[in-house]
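1. Structure for the following, please:
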Amino acid sequence: SGIYAEFGKQWYQRRVRALDCEMVGCGSKGRISALGRCSIVNYNGEIVYDSYVKPVLPVTDYRTKWSGIKRKHLSNAVPFSEAKKLIKRHLSGKYIVGHDLKNDFNAVKFTPHPLLVKDTSKCLALRHIAGLPEQQKPSLRTLTGQVFGKVIQTSSHCSIEDARAALMLYKKVEDNWDNKTNPFLNDSYWIDVKR
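-> Numbers count the residues shown, from 1 in each chain. Modelled structure (predicted):
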């Protein structure tokens, strides 16, 4: 049975993707969040997709301090309609790891099956390891710092770094991941997700 267990583990790992997105602002005073960059890495942290994305609406705030995105990054970026198709192709049928994924799924207009979602912001086991209260939803930076002693997001965010950080956190608890407490199984979680 050891050989079958190893095969099953490898099969599973080939189907894991970690996702992170960076947003820019559109509309009046940049209040409308839109996808500006999307990064996807595989179970080994290798980049399978990384692209700047040009939103449908004109960008009025690049949010560079947080997103790391500048005007030059979006001047020849992939249009959102094209990026959306490519992103969906990379994520469909995969186990998706990330931190506070609801925002990312809204940005890329993608709704995965709830059982395929592994959101580190919702994982109580990680909060315990980090020594944080159960009711406190930690940031990715806080969790990564508390669990691994690693500092991320020292200036602006990098979606590749953030996807890899979420993946590291997931791997720390993947053998004990508990789908019974997975908030994605609750229909109310999905009310705001735009398809």
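2. Distance check, the residue nearest to Val59 when sequence neighbours are not counted against His99.
-> Spatially, and ignoring its direct neighbours in sequence, Val59 is nearest to Val24 (4.9 Å; CB to CB, 6 or more residues apart in numbering). To be clear about C-beta, it is placed using only N, CA and C from the backbone, and glycine gets the same treatment. Distance check for Val24 against His99: by CB to CB, to the nearest Å, it reads 19 Å.
3. who does the strand or helix carrying Asp50 touch, helix- and strand-wise?
-> Secondary structure from DSSP states H and E places Asp50 in strand 47-54. With contacts defined as 3 or more CB pairs under 8 Å, 6 or more residues apart in numbering; DSSP states H and E, strand 47-54 has these neighbours: strand 32-42, helix 71-74, strand 78-79, helix 80-91, helix 159-173.
4. rerun at 6 Å
-> The contact analysis (3 or more CB pairs under 6 Å, 6 or more residues apart in numbering; DSSP states H and E) places strand 47-54 against strand 32-42, helix 71-74, strand 78-79, helix 80-91.
5. pretty sure the residue nearest to Val59 belongs to a strand, no?
-> Yes - according to DSSP: H, G, I helix; E, B strand; the rest coil, Val24 belongs to a strand.
6. hmm, back to that, the strand holding Asp50: which residues count as buried?
-> Residues of strand 47-54 classed as buried by neighbour count (16 or more other CB atoms under 10 Å): Tyr49, Ser51, Tyr52, Val53, Lys54.
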